[in-house]
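*Asks:* Fold the following and give me the result.
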Amino acid sequence: MSPRHSLWGGRFSASPAEVLRRFNDSWSFDRALIAEDVAGSIAWAEELGRCGVLSATEARKIVKGLRDVLAAWEAGEGRDSDAEDVHSYVEGELGKRIGPLAGKLHTGRSRNDQVATDLRLWLRSAFDALHAALLDLAAALATRASEEAATPMPGYTHSKRAEPVTFGHWCLAYVEMLLRDADRVRAARKRANECPLGSGALSGTPLAIDRERLARSLGFERATASSLDGVSDRDAAVEYLFVAALHLSHLSRMAEDLIFFTSDEAGFAELPDALATGSSRMPQKKNPDLLELARGHAGRAVGELTGLLAVLKGLPLAYDKDLQLDKEPLFRVRGVLDAALPAMTALVAGLKLRRERMRNAATDDRLLATELADALARRGVPFRQAHEIAGRRFAAAEASGQGLLERTPSDGVTEADLASVDLGRALARRGAVGGTAPKRVAQAARRAAKRIAAAQKAAAGRSVR
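*Replies:* Model (predicted):
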C-alpha cells in the first residue's frame, strides 16, 4: 500500500483518527475523477508557467510527471493507495516522480476549485455520452416507425382499448420524448461548460492567472463569473440527475408498454432471445428482465435527484464538505444509463412483431365505436347525438353477443354508416399532422430520422469543445 500523502496538517498536532478517515475520505469513489484531475492539474501547471510562478523547465517537468502518474494509473498501479482523495493521490504520486517540485503545483489553487473543475470536466463527458445514446435509441425507434408505418395495433387510454393506431405511430411518440430529452441534455451541458479553476478556496486566486485562457485550454467556453459561486455551485450535477431521471421515466413508460405488448395476454410482440431471461423453475418462461430493470431504475434515479437536492438546499456559501456527497449519485446514475440505453436500443431493433395478432386486436369493436359516431357526424348528425347513438348500439351489441357491425341498421344508423366503418379507413382518416395515418407516419418517420441525423452531426462538431 502506498504511503498516505496529505494536503494539509501543519496546524494539527495529531493525525486524523481512523474513525474520521473512514467517514471523511473520498478516495474509494472520487478516484473515478483521476483523468479529470490530471487534466486540470496540467492546465494549471501550464498557466503557472505562463504567469511566471513556475519556470518553463519546472512547468514542463510537472506536466510530464502528471502524465506519467495517469499512465501508471491506467496501467493498473496505485489501486491499493491509502490516499484521502483523488487530489492527494495525484499530488503524492507526482512527488514520487519529481520530488519537492510537486509542492509548487498547488500554488494559488484550492481543492475547492480543483474538485469543482474535475466535476465539470466529468459532467461534460457524461452529458455527451448520454446525448449520443439518446439519439441512438431515437434512431432505432425512427427506423422501426418507418418499417411499421402501416402496421395496425390497438391504441390505449386508461389502459383500455381506445382507437386503432399503428406501431410506427407508437414508436414516434417515444422518438419525440427522446428528442426532448436530448435537447435538455444539450442545454444543461452548455450551462455546465464553464471553468471554476482559479476561484481558489472561495475568494479567487492571488496569482496573475488569465482565467479565460485557462478555461479555453480545458475546452470550456468561459470562466465562472464568481469565485464564491464557482466553488459551491453544483447545479450541473443536479441538472444531470434531472435529465437522467426524466429520461429514465420516459424509458420506464416505454418498458411498461413493451412488457404488456410482449405478455401472453397481448401477444403483440416477442422479445429477442438474447435480450430476455428465463426461469430457474419454469422452463417455458421468457422474462422481460431488461424492461423491468429499466422501469425500476427510473424510480431510483428520482431518488438520487431528490437526495442531492436535499443535500444542497440549506448549504451556506461557499464550500462545505456536504458537497462531497454529489459524486456517488452521479456515478451510479451514469452507470445505469451506460448499460440501459444500448440494451434498450438493441431490444427495439430486435423486437419481433406478431402483426396478424396486432391487426386482429385493432379490429376490436371497442376501437371502431368512435368511427361509427364519426360516420354519423359526417352526414350531419350532431356529434353529441352521434356519440349517444353509437354508445347505445355498442351496449346492445355487447349484451347480445354480436359485433358492433353485425347488428342491422337501426336507431338512425344506416347501411352506409356501417359500411364506412373499416380499420383501414379509420387509420387513413387520421392524416393531420401528428396523426396515425400510415402515410403521415411514414413522412413523420423520415423527418424524425433527419432531425436525429442533424443532431448527431451537430454533436460530433461540438465534441471537441
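*Asks:* from here on, contacts and neighbour counts on C-alpha atoms
*Replies:* Fine.
*Asks:* give me the element Ala39 is part of.
*Replies:* Under the criterion of DSSP states H and E, Ala39 resides in helix 34-50.
*Asks:* For the next helix or strand after that helix, what is the distance to the chain centroid?
*Replies:* Per DSSP H and E, the first helix or strand lying C-terminal to helix 34-50 is helix 56-74. Relative to its chain's centre, helix 56-74 lies at 35 Å (CA atoms, centre = their mean, to the nearest Å).
*Asks:* Check which residues of helix 56-74 are buried.
*Replies:* Using 16 or more other CA atoms under 10 Å as the test for burial, helix 56-74 gives 58-63, 65-70, 73.
*Asks:* Now do that helix, average pLDDT.
*Replies:* Regarding helix 56-74, the rounded mean pLDDT is 98.
*Asks:* list the helices and strands it packs on?
*Replies:* helix 34-50, helix 86-98 (3 or more CA pairs under 8 Å, 6 or more residues apart in numbering; DSSP states H and E).
*Asks:* Indicate which one of these is closest to Ala298.
*Replies:* helix 34-50 (28.1 Å; CA to CA).
*Asks:* Turn the buried residues of helix 56-74 into TSV, including distance to His297.
*Replies:* Putting the buried residues of helix 56-74 into TSV (distance: CA to CA, whole Å) gives the following:
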residue	distance to His297
Glu58	49
Ala59	46
Arg60	46
Lys61	46
Ile62	43
Val63	41
Gly65	41
Leu66	38
Arg67	37
Asp68	38
Val69	36
Leu70	33
Trp73	31
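*Asks:* ok, so of those, who is nearest Arg447?
*Replies:* For the buried residues of helix 56-74, the closest approach to Arg447 (CA to CA) belongs to Leu70, at 44.8 Å.
*Asks:* so that closest one touches Asp37, yeah?
*Replies:* No: Leu70 is not in contact with Asp37 according to CA atoms under 8 Å; the separation is 9.5 Å.
*Asks:* which helix of the chain spans the most residues?
*Replies:* Ranked by residue count and defined by DSSP state H, the top helix of the chain is helix 111-147.
*Asks:* Could you list every helix and strand that the next helix or strand after that one packs against?
*Replies:* Going down the chain from helix 111-147, the next helix or strand is strand 152-157, by DSSP H and E. With contacts taken as 3+ CA pairs under 8 Å, 6+ apart, strand 152-157 sits against strand 160-166, helix 355-362.
*Asks:* Put together CSV for those, with distance to Asp338 and mean neighbour count on each row.
*Replies:* Formatted as CSV, these follow (distance: least, CA to CA, whole Å; neighbours: other CA atoms under 10 Å):
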stretch, distance to Asp338, mean neighbour count
strand 160-166, 30, 21
helix 355-362, 32, 18
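*Asks:* Please name whichever of the ones you listed is nearest to Ala375.
*Replies:* strand 160-166 (14.6 Å).
*Asks:* Please identify the buried residues of the helix or strand following the closest one?
*Replies:* Going down the chain from strand 160-166, the next helix or strand is helix 167-192, by DSSP H and E. If you call a residue buried by 16+ other CA under 10 Å, then helix 167-192 has these buried ones: 167-172, 174-175, 177-179, 181-182, 184-186, 188-189, 192.
*Asks:* so how far is helix 167-192 off the chain centroid?
*Replies:* That offset, for helix 167-192, works out to 9 Å (CA atoms, centre = their mean).
*Asks:* Show me what that helix is packed against.
*Replies:* The contact analysis (3+ CA pairs under 8 Å, 6+ apart) places helix 167-192 against helix 111-147, helix 235-261, helix 438-462.
*Asks:* Now do that helix against helix 111-147, angle only.
*Replies:* Following axes from the mean of the first three to the mean of the last three CA atoms, to 10 degrees, one obtains 160 degrees for the angle between helix 167-192 and helix 111-147.
*Asks:* Which is the succeeding secondary structure element to helix 167-192?
*Replies:* Counting by DSSP H and E, what follows helix 167-192 is strand 194-195.
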